[in-house]
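Engineer: Build me a model from this:
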Amino acid sequence: MAASARTWLLMVIDLICLPIAILPAAILVLSDIQPNESGFYCTDRRLSYPYRTGSWAHRVLGHWGVLIAMAILVFVLGELALYFREKRSLNDRGNAGQQEYSDILTNFFARLFKNTVLFFFGLSAAISVAYIAKYTVGELRPYFLQVCGLNFTCTSNTGLLFPNVCTGDKHSMESSKLGFVSGHATSHFYTAIYLALYIQARWKWRGPWLVKPAIQAAFVAFAVWHSYSRVAIYHHDIYEVNRGIALGVSFAGVMVLFVSDLFWDRAAAASRARSWYVATVGAPFGEDD
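Structural biologist: Below you'll find the model as predicted:
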C-alpha cells in the first residue's frame, strides 16, 4: 500500500491544521493583548482568597506534557492490540500473502498517526476556545485582591473599581484576570473523556471484565482531582471549573463521535474514508470476532 504524492500532500495539510488550531491561544498568550478588565468591589469576599501554589504532585501531574505522554501511550497500546488481532486473523487463514502482512503494518502506522493528529487537533482547538473565553470575559480569579496591591484603604463605601487602580506585578495581574474558563479543567477532561472513549472502541478486552472500566475510571478520576484542586488552591471558583469541564467534554465527544471513525462500522468507515486514510480503515472488531 504505497503512499502516493496526493496521500503525502493530504497528510501535510492535516498536520498544518494543528498549529492553526492552537494559533488563537498562542497569539493571546504571546502577544501584548490584554484581557478584558472586569469591574470589582474591593470588599468582595469572593476575590479576597490567598494566593496558593499547588503541591509538587499537582504541578508535575497537571503539566500538559503528562497528558501528551499519556495519550500517545494509550494510542500505541490500542493500535498494537488491533494490529496483533489482524495479524492473528491472517495467521489463522493460513494462505495470506506477504503483501497482506505489509498492509496491516501500514494500517497500524496510519491509524496511529491519524488518531494522534485528531486528538491533538481537538485538544488544541479546545485550549484556543478556552483562552478566547478567558481574554474576552476577563473574569477575576479568587486571589485577585491579594495580587492587586491597592494603595488606599478600602471601605464599604468604595464604589466599583477596575484593575487599572492596582499596583501589583504586571504578570500576576494579567494572570489574575483569566479566571473564566478553567483551561486545566478543559484540557484534562478533554483528555480523560477522549481516552476513555478510545479505549471503549479499540481495546477489545478478553480478560477480567472490570480491567477496562477501571482504567477508564482512573483517567476520569485523575481529571476530577486535578480540575477541582484548582478550586482548593483558589485559582478558580467551582463554576469556572464546571464550565471548563463542560467545554472539554463537549470537544472530546465531538472529536470521537463525529470526526474520528472509532465508532463507525467497517462499511461506513470505508465509504466515508477521509483525507489521506484509504478505505482499509481497520475499524475495531466486534465483540463476537
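Engineer: Low-confidence ranges, the stretch 51-200 of the chain, go.
Structural biologist: Under the criterion pLDDT under 70, the flagged ranges of the stretch 51-200 of the chain are 54-63.
Engineer: roughly how far apart are residue 146 and residue 158?
Structural biologist: Per CB to CB, to the nearest Å, residue 146 is found 17 Å from residue 158. From N, CA and C alone the C-beta is placed, and that goes for glycine too.
Engineer: Between these two, which has more neighbouring residues?
Structural biologist: Ranked by neighbour count (other CB atoms under 10 Å), residue 146 and residue 158 place residue 146 first, with 18 against 13.
Engineer: Quick check: closest non-adjacent residue to residue 183.
Structural biologist: Using CB to CB, 6 or more residues apart in numbering and skipping residues adjacent in sequence, the residue nearest residue 183 is residue 130, 4.7 Å away.
Engineer: who are the neighbours in contact with that neighbour?
Structural biologist: Applying CB atoms under 8 Å, 6 or more residues apart in numbering, we find residue 130 in contact with 25, 181-183, 186-187, 244, 247.
Engineer: After the helix or strand where it lies, which helix or strand is next? Please name it.
Structural biologist: Element membership for residue 130, per DSSP states H and E: helix 98-137. Once the chain leaves helix 98-137, the next helix or strand it forms, by DSSP H and E, is helix 144-148.
Engineer: how about whichever helix or strand comes after that following helix: buried residues?
Structural biologist: Per DSSP H and E, the first helix or strand lying C-terminal to helix 144-148 is helix 170-175. Under the neighbour-count criterion of 16 or more other CB atoms under 10 Å, helix 170-175 has 172-175 buried.
Engineer: repeat for stretch 251-268
Structural biologist: For stretch 251-268, by 16+ other CB under 10 Å, it's 251-252, 255-256, 260-262, 264, 266.
Engineer: Including secondary structure, distance to residue 223 and pLDDT, could those go into CSV?
Structural biologist: Putting these into CSV (DSSP: H, G, I helix; E, B strand; the rest coil; distance: CB to CB, whole Å; pLDDT from 0 to 100) gives the following:
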residue, secondary structure, distance to residue 223, pLDDT
251, helix, 13, 97
252, helix, 10, 97
255, helix, 16, 95
256, helix, 15, 94
260, coil, 20, 88
261, coil, 25, 84
262, coil, 19, 86
264, coil, 26, 75
266, helix, 31, 58
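Engineer: Nearest to residue 237 among these?
Structural biologist: Closest approach between those and residue 237, by CB to CB: residue 251, at 22.0 Å.
Engineer: which residues touch the closest one?
Structural biologist: Taking CB under 8 Å, 6+ apart as the test, what residue 251 contacts is 122-123, 125-126, 129, 186, 190.
Engineer: between those residues, which is closest to residue 239?
Structural biologist: residue 186 (14.0 Å).
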